[in-house]
Structure formats: structure tokens, C-alpha cells
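Undergrad: Here's a sequence, model it:
(one chain, ligands or ions: 2)
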Amino acid sequence: MKRSSTDNAQFQKLLAELASHPQLQCLKNIPQHKGNTTFAHCISVAQRAYHFAGKWHMKVDTGSLVRGAMLHDFYLYDTETMPYSDYRHSLIHPKLALQNAEKIFTLNSRERNIILSHMWPIPGAPLPRSREAWLVCLADKLCAWEEMHRPRYTS
Ligand SMILES: [Fe+2]
Ligand SMILES: [Fe+2]
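TA: Ligands and ions are numbered 1, 2, ... in the order given. Take a look at the predicted model:
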């Protein structure tokens, strides 16, 4: 399925609308992956997932893809200060992200699954059940790996 400039404009509009939401702006204060922010990570995941959908000619619900990607890590704490292990964080944070997201937004079942399943295949994580969820799950891993391995320059 060939993507039109209208599709791309719709994606950019949806992303910009959600990114400018005051509650999501708070993610700029949450560090993630060694010097990155959760806000920047979520933007990267949304862009990467949308890019893959176009590259692989996949028909997706762009609104759900953007909401799922932007809210998948909406857990609102610095992992350096959390009182539990990294593994426990890996299991818990999708549920916290969903709880926080549902205080602000009305999400459909696809969007809820995108958030809850993004840590698949770690044991205990639910299976992604839509094209959008698979794309966000894959994009999240690639973005996280790149963010953690990006060279750091100090002045
Ligand atoms: Fe996550
Ligand atoms: Fe993530």
C-alpha cells in the first residue's frame, strides 16, 4: 500500500498534537537510556514504527500507532530512583504506563495492547495482537538499543 503525502501529514499532525500535550511534555524531565529522555525516546519509537509500516506496505491505524508509541513508556519516574530491580521494572512499567495514560486519555483495546505488550518477549509480557503493536514492539527495541549505544561526547 503506497503512502500518500496526506498520510504523512496526518501522522505528523497526530504526533505533534500528542507531543504538545502538557502531561506528555513532562516526559522531557524523565531520563531514559543514558542521557536520553523518555519524551525523545517515545517520539523516536513513533517515527520508527510509522517508517516501518510504510517500508513494509502495512496498512495501520495511524492514530492508534501514534498513541500507543507515545504512551508506551508513560511511567513517569527515573529508573535510577526506582525501589525495585531492572527486571521488575521491565515487567511493571507497561502496566503503570497504561494506568497513567488512562487517567488522561480514552484508549481503545488496540492501544492498550500496544502499551502492555511492548516488552514482549520477556516472560510475563502479553503478546502484541495487532500490526501496530508489533511495529511499536520492534521499534522500541531498536530505538532503545541505539540510545544505549550512542557515543557520548563531553566538552
Ligand atoms: Fe518500555
Ligand atoms: Fe520504550
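
Undergrad: show me where the protein has strands.
TA: 31-32, 36-37 (DSSP state E).

Undergrad: and of the ones you listed, who's closest to ligand 2?
TA: Nearest to ligand 2, of all those, is strand 31-32, at 7.4 Å by C-beta to the ion. Every residue, glycine included, has its C-beta placed from N, CA and C.

Undergrad: Tell me how far the spatially most central residue of the chain lies from ligand 2.
TA: Of all residues in the chain, the one closest to the mean position by C-alpha atoms, centre = their mean is Ala69, 3.1 Å from it. For Ala69, the distance to ligand 2 equals 9 Å [C-beta to the ion, to the nearest Å].

Undergrad: Quick check, Ala69 in contact with Ala46.
TA: Yes. Look at Ala69 against Ala46 with C-beta atoms under 8 Å: they come within range, at 3.6 Å.

Undergrad: Quickly list what's touching both of the two.
TA: Taking C-beta atoms under 8 Å, 6 or more residues apart in numbering as the criterion, Ala69 and Ala46 both touch Ala139.
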